[in-house]
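Student: quick one, what's the 3D model for this:
(chains A and B)
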2 protein chains.
Amino acid sequence: PILQESANLVSQWIEEMSEGRMKITVYAGGELIPALEGFEAVSQGVAEMGHGASYYWAGKAAATQFFSSVPFGMNAQQMMAWIYSGGGLELWEELYAPFNLVPMPVGNTGFQMGGWFNKEINTAEDIQGLKMRIPGLGGKVISKAGGSAILSPLGEIYTNLERGVIDATEWIGPYHDHLMGFYKAADYYYYPGWHEPATVTELMINKSAFDGLPTYLQNIIRTAAARSTHWVLSEFDAKNNEYLQKLVNEENVKLRRFPDSVLTTLRGYSTEVIEELIETDAPSKKVYESFAAFRKKVGGWTDLGEKIYYSGALG
Amino acid sequence: PILQESANLVSQWIEEMSEGRMKITVYAGGELIPALEGFEAVSQGVAEMGHGASYYWAGKAAATQFFSSVPFGMNAQQMMAWIYSGGGLELWEELYAPFNLVPMPVGNTGFQMGGWFNKEINTAEDIQGLKMRIPGLGGKVISKAGGSAILSPLGEIYTNLERGVIDATEWIGPYHDHLMGFYKAADYYYYPGWHEPATVTELMINKSAFDGLPTYLQNIIRTAAARSTHWVLSEFDAKNNEYLQKLVNEENVKLRRFPDSVLTTLRGYSTEVIEELIETDAPSKKVYESFAAFRKKVGGWTDLGEKIYYSGALG
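Tutor: Below is the predicted model:
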């Protein structure tokens, strides 16, 4: 709902700020074009704008994955600092330009949950043989751990989980997951979302169309997208705990934390997955090097405040 | 520099998005009106907009302090979630309306530093007799701890510190503090900034002027302010570590963490300061109750992701 609202709000803000000179019609996934084909459609001008997450386009350019969320990567505040002020956006634009696309962030889900499981995960061995719906780099990590990463279209996840076609699924966080009803099909709800510590959603625009716009409209679009980025993160933070409480108290969901040993194993596989990717794909190497360098730098700073805050010393 | 740039950028974005139909001239503090008199000036229409931080207006309405930063209060992400999605902005608007003002967030500095000291702070007793430049609720806390909270205009802080008129000062963070040259006048640089875990800067607008604007211009202003909020936080996160390294490696600043025992004592005094305030001022009570309730709720959520992230389990 928040992500759909974000698309609607951005359209509304653009229309209002331009006094109706730019009107955007929002179509749901599958309504205008098949789900997960937005990149191609906007690239070719079938639609002039698309609202999604860049890891869905890994098949077009593997480096896209670094602009959505990276397993064991940066959290929301650090990720946005990289994109807006650390050179991330420029690399993203460079990557998309050959596809005739202009990307920009339009939301951030914040930390996601680790997912719904039909059994407890006490050791890394419990992932062996597990069939889990999980996309992107996180899915490759699950495969390395001996599980199977499966991609189901949104509409099929619940049924697949209920029928045992999959043993586990991740989605977003308590608010959206509650609405998907996953608690009716799996007992255990795991955190933290190691695979998506901060997922950036994207607005992608047909570059020929964008370049042809007057400057004031380009600015209106950029500014509306930035407002939405902020709004989405705030909405998730405001609503997730409320729905987490509903899940735990009203639906008797068993909330579980991944043991540190499991996280350590998954982190090792994540490093391998990323190393294999950047060894074989030059754009991924370039983007990841910027990501990693910025992370190290920003971490030196956030350790002096945010880290102490969460340690309880400032609680 | 970031805060001045924010004022300039917001003006530029508004002018660009409105195709020049709204032009804003930015004056530095003291240029058009005396520093720290923005609230009164915008209220009366001497200027139509002001860029500042709401705790400077505590003398006009004490509750303003909760919309900038609260000692031992929420961090940046939680604070913005409260303001944008947890009812904070509505309370802020309600508080400012009788003064003929419309407020909105326009930046967030993120965690600040604890300040510059000419001696080490090893126990809470070391604060006794200390003369420190520190505004707002944080200043009241220093007074409770036996120190003196002094307010110097920006231009006098450095000289006062160098001449021993004050023994300590806080300002913002490494980037801005480096430019102020405080490292030449004090040896110890303390963290974390318990008194300002996330300082929101504000855009305040003369309400009669704002209400008279066409909807599209009101929207352009709101959207530009939201874009700036995000941009400011990202810029601070991107630049602070770079300047922290300069201070430590090039200027030989002694970086120190406040001992947990000192933080615990200051936290106790912060609770007292807030309790005394809300007992005597009804608007402060109303605002703080919303702040505290939201904090508890959002903390239940961020504990499942951000907190684990900073614990190192996800590092």
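Student: please name the spatially closest residue to the residue of chain A positioned farthest from its centre (chain neighbours excluded).
Tutor: Most distant from the centre of chain A: residue A:19, at 32.2 Å, with distances by Cα atoms, centre = their mean. Of all residues not flanking residue A:19 in the chain, residue B:216 sits nearest, at 4.7 Å (Cβ to Cβ, 6 or more residues apart in numbering or on different chains). C-beta coordinates here come from the backbone N, C-alpha and C atoms, glycine included.
Student: same check on residue A:58?
Tutor: residue A:65 (5.2 Å).
Student: tally of neighbours for that neighbour?
Tutor: 26 (other Cβ atoms under 10 Å in any protein chain shown).
Student: now the strands: where do they sit in chain A?
Tutor: A:49-52, A:101-108, A:115-117, A:131-133, A:148-150, A:168-169, A:188-191, A:200-206, A:254-257 (DSSP state E).
Student: nearest to residue B:71, out of those?
Tutor: Of all these, the one in closest proximity to residue B:71, counting by Cβ to Cβ, is strand A:101-108 (27.7 Å).
Student: check which helices and strands that closest one sits against.
Tutor: Identification of packing neighbours for strand A:101-108 by 3 or more Cβ pairs under 8 Å, 6 or more residues apart in numbering or on different chains; DSSP states H and E yields helix A:2-17, helix A:38-43, helix A:76-85, helix A:88-96, strand A:200-206, helix A:207-211, helix A:215-249.
Student: what residue in the stretch 51-200 of chain A comes nearest to chain B?
Tutor: For the stretch 51-200 of chain A and chain B, the shortest gap (Cβ to the nearest Cβ) falls at residue A:111, measuring 2.6 Å.
Student: quick check: phi and psi on the closest residue in space to that residue that isn't next to it in sequence?
Tutor: Counting by Cβ to Cβ, 6+ apart, residue A:111 lies nearest to residue B:305, which is 2.6 Å off, once chain neighbours are set aside. Taking degrees, to the nearest 10, you get phi -140, psi -70 for the backbone angles of residue B:305.
Student: check what pLDDT residue B:305 gets.
Tutor: Turning to residue B:305, the model gives it a pLDDT of 97.
Student: any idea how far residue A:167 is from residue A:128?
Tutor: Distance of residue A:167 to residue A:128, computed by Cβ to Cβ, to the nearest Å: 11 Å.
Student: among these two, which residue is more densely surrounded?
Tutor: Between residue A:167 and residue A:128, counted using other Cβ under 10 Å, residue A:167 has the larger neighbour count: 21 against 10.
Student: phi first, then psi, for that one.
Tutor: Torsion angles at residue A:167 (phi, psi; degrees, to the nearest 10) stand at phi -100, psi -10.
Student: flag every buried residue along stretch A:206-222.
Tutor: Across stretch A:206-222, burial judged by 16 or more other Cβ atoms under 10 Å in any protein chain shown covers A:206-207, A:210, A:216-222.
Student: and that stretch, what's its mean pLDDT?
Tutor: Mean pLDDT, computed over stretch A:206-222, is 97.
Student: ends of that stretch, what's the gap?
Tutor: 14 Å (Cα to Cα, to the nearest Å).
Student: same question for stretch A:121-137.
Tutor: 20 Å.
Student: is chain B contacted by stretch A:234-254?
Tutor: Yes. Stretch A:234-254 lies within reach of chain B by Cβ under 8 Å from any Cβ of the partner chain, at A:234-235, A:237-242, A:244-245.
Student: report pLDDT for the residue nearest to residue A:289 when sequence neighbours are not counted.
Tutor: In space, and not counting its chain neighbours, residue A:289 is closest to residue A:278: 7.9 Å by Cβ to Cβ, 6+ apart. Residue A:278 carries a pLDDT value of 97.
Student: neighbours of residue A:278, how many?
Tutor: The burial count for residue A:278: 20, using other Cβ under 10 Å.
Student: what about the spatially closest residue to residue A:237 that is not a sequence neighbour, neighbour count?
Tutor: Closest residue in space to residue A:237, ignoring its immediate chain neighbours: residue B:81 at 3.7 Å, by Cβ to Cβ, 6+ apart. Neighbour count of residue B:81, defined by other Cβ under 10 Å: 28.
Student: distance of the residue nearest the centre of chain A from residue B:300?
Tutor: By Cα atoms, centre = their mean, the mean C-alpha position of chain A lies nearest to residue A:199, the distance being 2.9 Å. Distance, residue A:199 to residue B:300, by Cβ to Cβ: 21 Å.
Student: let me see the mean pLDDT of stretch A:10-29.
Tutor: On average, stretch A:10-29 scores 94.
Student: okay, residue A:315: pLDDT?
Tutor: For residue A:315, the model assigns a pLDDT of 64.
Student: go ahead and name everything in contact with stretch A:218-225.
Tutor: A:10, A:13-14, A:17-18, A:22, A:104-106, A:203, A:205, A:210, A:213, B:13, B:16-17, B:220, B:223-224, B:227 (Cβ atoms under 8 Å, 6 or more residues apart in numbering or on different chains).
Student: give the buried subset of these as a PyMOL selection command.
Tutor: The PyMOL selection below is limited to those of these classed as buried (16+ other Cβ under 10 Å):
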select buried, (chain A and resi 10+13+14+17+18+22+104+105+106+203+205+210) or (chain B and resi 13+16+17+220+223+224+227)
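Student: for residue A:108, what are its contacts?
Tutor: With contact taken as Cβ under 8 Å, 6+ apart, residue A:108 is in contact with A:76, A:79-80, A:198-201, A:229, A:232-233, A:236.
Student: for it, which non-adjacent residue is spatially closest?
Tutor: Distance criterion Cβ to Cβ, 6+ apart; nearest residue to residue A:108, sequence neighbours excluded, is residue A:233 at 4.5 Å.
Student: is stretch A:264-274 up against chain B anywhere?
Tutor: Yes. Under the criterion of Cβ under 8 Å from any Cβ, chain B is reached by stretch A:264-274 at residue A:267.
Student: buried residues in that stretch?
Tutor: Those would be A:265-267, A:269-270, A:273-274, for stretch A:264-274 by 16+ other Cβ under 10 Å.
Student: same list, the strands of chain A, but as TSV with distance to residue A:93 please.
Tutor: Below are the strands of chain A laid out as TSV (distance: least, Cβ to Cβ, whole Å):
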stretch	distance to residue A:93
strand A:49-52	15
strand A:101-108	6
strand A:115-117	32
strand A:131-133	31
strand A:148-150	29
strand A:168-169	33
strand A:188-191	34
strand A:200-206	11
strand A:254-257	38
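Student: one step back: so the residue nearest to residue A:237 is in contact with residue A:240, correct?
Tutor: No. Residue B:81 is not in contact with residue A:240 according to Cβ atoms under 8 Å; the separation is 9.8 Å.
Student: where does the residue nearest to residue A:237 land on pLDDT?
Tutor: Value listed for residue B:81 in the pLDDT field: 98.
Student: again, but for residue A:34
Tutor: 83.
Student: now it: how far from chain B?
Tutor: To chain B, residue A:34 is 32 Å away according to Cβ to the nearest Cβ, to the nearest Å.
Student: picking that back up, among the buried residues of stretch A:264-274, which one sits closest to residue B:134?
Tutor: For those, the nearest to residue B:134 is residue A:267 (40.8 Å; Cβ to Cβ).
Student: in the stretch 201-315 of chain A, which residue sits closest to chain B?
Tutor: Closest point on the stretch 201-315 of chain A to chain B, by Cβ to the nearest Cβ, is residue A:305, at 2.6 Å.
Student: fine by me, we can end here.
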